[in-house]
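Trainee: I'd like to go over a predicted model; first the sequence, then the structure.
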Amino acid sequence: MIFRQLFDAASSTYTYLLGCAESGEALLIDPVFEQSQRDLALIRELGLQLKLVVDTHAHADHITAAWLLKQKTGCLIASAAVINAQHLNLPLRHGQVFGVAGVQLEARATPGHTDGCLSYVLLDQSMVFTGDALLIRGCGRSDFQQGNAATLFHSITEQLFSLPDGCVVYPAHDYNGRTQSSIGEERRYNARVGGNANETDFVGYMQAMNLPHPKKIDEAVPANLRSGCPADGRLPAEPDWAEDLRVTYAGVPEVGAEWLLQHAPELTLLDVRHPGEVIPGELPAPCANALAIPLDQLRQRQSEVPRDRPVITLCRSGRRSALAAAILQEQEVEQVASLRGGLLALAHG
């Protein structure tokens, strides 16, 4: 199985990518709206096709990317049936098995943080994705959105602590940089529900927490009841100056050689190699807007780069030109991209 744990620093949210190398199919658990470009880039680079997006609950601290990813890929959306979210394709219930080819999960109802919380267990019980029900050495709060501390205690102790000790716990959040735990660890050491804690201990702890209201709850919850669809039902604006524009998982904007050849007269081509590397006639013709600034001089000479047309940075392999594009973005050059694969790709195109 292909597995990646992804992080959104703004909300301290984990997104999980599970895929099958043999089938090429993948699913995402708890994707974040603002990270959709990153997630799609990773899926593309791993050679996978996104088939399913799954949320563990209706989040109060970020907006899901489920609807947005469905618009971009045609994937299906799944979450708890009890949430009754809009745009849902697969309403999940306790005990239901679901997934994609090569990756199958069992949904376990774990309400208490909210009434629509589900945890997802791999069928071999080697991993469990616990949402906000069980966190690393903690758990989700239970003081809003139909939360109930007693219900959460039973969800954790009966549904999650019944899994094998070695089952790896992957939560929806961690605010201290911790990435994973295990059922055995949490059963013994969880600060709220572990050890010999009983329901009275747990409920007393939870009722005494007195936490501040989530900052984005008034925005996030209504949006998540629409599966992340904006109120106006429109896709967010994205750069459209190049139809071939892609942003890599590394965050590099790129265009391909074929698109560059078609649009060369409309572009500024910025060669960031040293003069000794340049071979006459390498750049596409006609191109009156070619410029050469070695990468190690670009920060000092960035004012020489015209702003009146898109800038495509070039080098042999596309590695130095990727940094050049990032440097120009720092200088607020909005229409800039690196040539994907560099001049090697152009020569073999």
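Mentor: Received the coordinates, thanks. Numbers count the residues shown, from 1 in each chain.
Trainee: by contact count, what packs against the helix or strand encompassing Gly204?
Mentor: Secondary structure assignment for Gly204, by DSSP states H and E: helix 199-207. In terms of contacts (3 or more CB pairs under 8 Å, 6 or more residues apart in numbering; DSSP states H and E), helix 199-207 is packed against helix 149-154. Where C-beta positions appear, they are placed from N, C-alpha and C, glycine not excepted.
Trainee: quick revisit: let me know the average pLDDT across the helix holding Gly204.
Mentor: Helix 199-207 carries an average pLDDT of 95.
Trainee: list the contacts of that helix.
Mentor: For helix 199-207, the external contacting residues (CB atoms under 8 Å, 6 or more residues apart in numbering) are 141-143, 149-150, 152-154, 192-193, 197.
Trainee: which among those residues end up buried?
Mentor: Buried by 16 or more other CB atoms under 10 Å: 141-142, 149, 152-153, 192-193, 197, out of the contacts of helix 199-207.
Trainee: dump the contacts of helix 199-207 to JSON lines, plus distance to Gln125.
Mentor: Shown next, in JSON lines, are the contacts of helix 199-207 (distance: CB to CB, whole Å):
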{"residue": "Arg141", "distance to Gln125": "27"}
{"residue": "Ser142", "distance to Gln125": "26"}
{"residue": "Asp143", "distance to Gln125": "31"}
{"residue": "Ala149", "distance to Gln125": "27"}
{"residue": "Ala150", "distance to Gln125": "26"}
{"residue": "Leu152", "distance to Gln125": "21"}
{"residue": "Phe153", "distance to Gln125": "22"}
{"residue": "His154", "distance to Gln125": "20"}
{"residue": "Arg192", "distance to Gln125": "23"}
{"residue": "Val193", "distance to Gln125": "20"}
{"residue": "Ala197", "distance to Gln125": "23"}
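Trainee: wait, which of those is closest to Asn224?
Mentor: Closest approach between the contacts of helix 199-207 and Asn224, by CB to CB: Arg141, at 16.5 Å.
Trainee: distance check, that closest one against Tyr120.
Mentor: 21 Å (CB to CB, to the nearest Å).
Trainee: tally of neighbours for Leu90?
Mentor: 15 (other CB atoms under 10 Å).
Trainee: also Pro164?
Mentor: Using other CB under 10 Å, Pro164 is surrounded by 12 other residues.
Trainee: that one contacts Arg187, correct?
Mentor: No: Pro164 lies out of contact with Arg187 (CB atoms under 8 Å); the separation is 10.6 Å.
Trainee: how is this protein carved up into domains?
Mentor: 2-224, 246-348 (automatic domain parsing).
Trainee: what's the first-to-last distance across the first one?
Mentor: Looking at domain 2-224, the gap from its leading to its trailing residue is 27 Å under the measure CA to CA, to the nearest Å.
Trainee: for it, what is the distance to the chain centroid?
Mentor: 14 Å (CA atoms, centre = their mean, to the nearest Å).
Trainee: same question, stretch 210-229
Mentor: How far stretch 210-229 lies from its chain's middle: 18 Å, per CA atoms, centre = their mean.
Trainee: got the contact list for it?
Mentor: 11, 33, 55, 58-68, 70, 77, 79, 83-88, 141, 143-145, 230-231.
Trainee: quick one: the strands in the stretch 201-349 of the chain?
Mentor: Assigned by DSSP state E, counting those that start in this stretch, the strands in the stretch 201-349 of the chain fall at 246-247, 253-255, 268-271, 290-292, 311-314, 336-339.
Trainee: quick check: mean pLDDT across the third one?
Mentor: Looking back up the chat, that one is strand 268-271. Here the average pLDDT along strand 268-271 is 94.
Trainee: how about the fourth one?
Mentor: Per-residue confidence for strand 290-292 averages out to 90 on the pLDDT scale.
Trainee: listing partners with orientation, what would you give for it?
Mentor: The pairing partners recorded for strand 290-292 under DSSP bridges are strand 268-271 (parallel).
Trainee: buried residues of the strand it pairs with, list them for me.
Mentor: Buried-residue list, strand 268-271, by 16+ other CB under 10 Å: 268-271.
Trainee: show me which of those is closest to Ser317.
Mentor: Closest to Ser317, out of all of those and judged by CB to CB, is Asp271, at 13.2 Å.
Trainee: list the contacts of the helix or strand Val128 falls within.
Mentor: If you go by DSSP H and E, Val128 is part of strand 127-131. Applying CB under 8 Å, 6+ apart, the contact partners of strand 127-131 are 16, 29-30, 56-57, 105, 110, 113, 117-122, 140, 160, 163, 167-172, 183.
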